[in-house]
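Trainee: can you look at this prediction? I've put the sequence above it.
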Amino acid sequence: MDFEILERAAFNAWPAVEQKEYQGLVMRFANGYTKRANSANVLKLETADYPSLTEQVELFFKERAQPCTFRIPSYTQSEAFDQYLASSGYQKQSLTLVLNCSLTVDGVNQTDKHLSQPFEVVSENANNWLENYCQLSGQSLDNQSAHLSILEKISSATNFALLKVNGEVVACALGVLENELLGIFDVLTREQDRGKGYATYLLSEVFKWALTAGAISSYLQVVADNSSAINLYQKLGYQQCYQYWYRIKE
């Protein structure tokens, strides 16, 4: 797989309010919601003048009142730049795994298991989906304006999926399809309902939707120390493609 194609699909699936390419970096700004959408992402560095490059990125984020954040995927072989940032006081944070799996009808059917209680999978609009996401996560909807801006900016085919059991929403997931690649985001199960297979079932339904729309593979990003989520995704067939991490000056 061409990892740059995956990276760019992920940029579009989780769009920034503002995005600018400079010397092999993609600088993204989204009013501070998630480091993914508020960072300078290394793709293919076009310069070895690291001080000048860093200065320009710092200015970009200073003008937008955001901390200067670099995101470095392991496959880009940017060791020298990474070492320069470390020597300049940028701390390594949030090691994250990028996972990928092929999507086939047989594979999806293997994950599809019947739930014992009455259940329903629905696809909502961004506003209603985010309201349920906040209820599941215990967050206030009032503080989610930047999150909503990202969701409303997605231009690719999108499935704002919710799983209801006995009429109550117990899990959510976001699927975004672009260039035959299904991106999975914001997978969440209500705390008291974890371990019951709800996320697995909901994702299988999102996979079916994506297959019908022409998807051939899926990707997602998961923090490296989230062992429970990694175990779930491995059971669904996901395998690691590469890693990435952030460099942030405290």
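Mentor: Structure's in. What do you need? Numbering: from 1, shown residues only.
Trainee: how much space separates the residue lying closest to residue 216 once chain neighbours are set aside from residue 41?
Mentor: Leaving out its chain neighbours, the residue that sits closest to residue 216 by CB to CB, 6 or more residues apart in numbering is residue 180, at 4.6 Å. Where you see a C-beta, it was placed from the backbone N, CA and C, and this is true even at glycine. Counting by CB to CB, to the nearest Å, the separation of residue 180 from residue 41 is 22 Å.
Trainee: swap in residue 156?
Mentor: Distance from residue 156 to residue 41, by CB to CB: 18 Å.
Trainee: who has more neighbours, these two?
Mentor: Just comparing residue 156 and residue 41: by other CB atoms under 10 Å the higher neighbour count belongs to residue 41, 26 against 16.
Trainee: which residues touch the helix or strand harbouring that one?
Mentor: Using DSSP states H and E, residue 41 falls within strand 40-42. Applying CB atoms under 8 Å, 6 or more residues apart in numbering, the external contacts of strand 40-42 come out as 7, 11, 24-28, 57, 60-61, 68-73, 76, 78, 81.
Trainee: and with 6 Å instead?
Mentor: 25-27, 57, 70-72, 76, 78 (CB atoms under 6 Å, 6 or more residues apart in numbering).
Trainee: now do stretch 82-92
Mentor: In contact with stretch 82-92 (CB under 6 Å, 6+ apart) are residues 50, 72, 245, 247-250.
Trainee: which intervals of this protein have sub-threshold pLDDT?
Mentor: 106-118 (pLDDT under 70).
Trainee: and stretch 52-64, what's buried?
Mentor: For stretch 52-64, burial by neighbour count (16 or more other CB atoms under 10 Å) applies to 53-54, 57, 60-61.
Trainee: could I have the CA atoms of the longest helix belonging to the chain written out in PDB?
Mentor: Criterion DSSP state H: the longest helix present in the chain is helix 198-212. Provided in PDB are the C-alpha atoms of helix 198-212 (Å, rounded to 0.1, in the frame of the first residue of the first chain):
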ATOM      1  CA  TYR A 198     -21.500  -4.100  20.500                       C
ATOM      2  CA  ALA A 199     -18.600  -2.300  18.800                       C
ATOM      3  CA  THR A 200     -17.700  -5.400  16.800                       C
ATOM      4  CA  TYR A 201     -21.300  -5.700  15.500                       C
ATOM      5  CA  LEU A 202     -21.500  -2.000  14.700                       C
ATOM      6  CA  LEU A 203     -18.300  -2.000  12.800                       C
ATOM      7  CA  SER A 204     -19.400  -5.000  10.800                       C
ATOM      8  CA  GLU A 205     -22.400  -3.100   9.700                       C
ATOM      9  CA  VAL A 206     -20.200  -0.100   8.700                       C
ATOM     10  CA  PHE A 207     -18.000  -2.500   6.800                       C
ATOM     11  CA  LYS A 208     -21.100  -3.800   4.900                       C
ATOM     12  CA  TRP A 209     -22.100  -0.300   4.000                       C
ATOM     13  CA  ALA A 210     -18.600   0.500   2.800                       C
ATOM     14  CA  LEU A 211     -18.300  -2.700   0.700                       C
ATOM     15  CA  THR A 212     -21.600  -1.900  -1.000                       C
END
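Trainee: got the angle for the longest strand anywhere in the chain vs helix 198-212?
Mentor: Across the chain, the longest stretch assigned as strand under DSSP state E is strand 90-102. Here strand 90-102 runs at an angle of 60 degrees relative to helix 198-212 (axes from the mean of the first three to the mean of the last three CA atoms, to 10 degrees).
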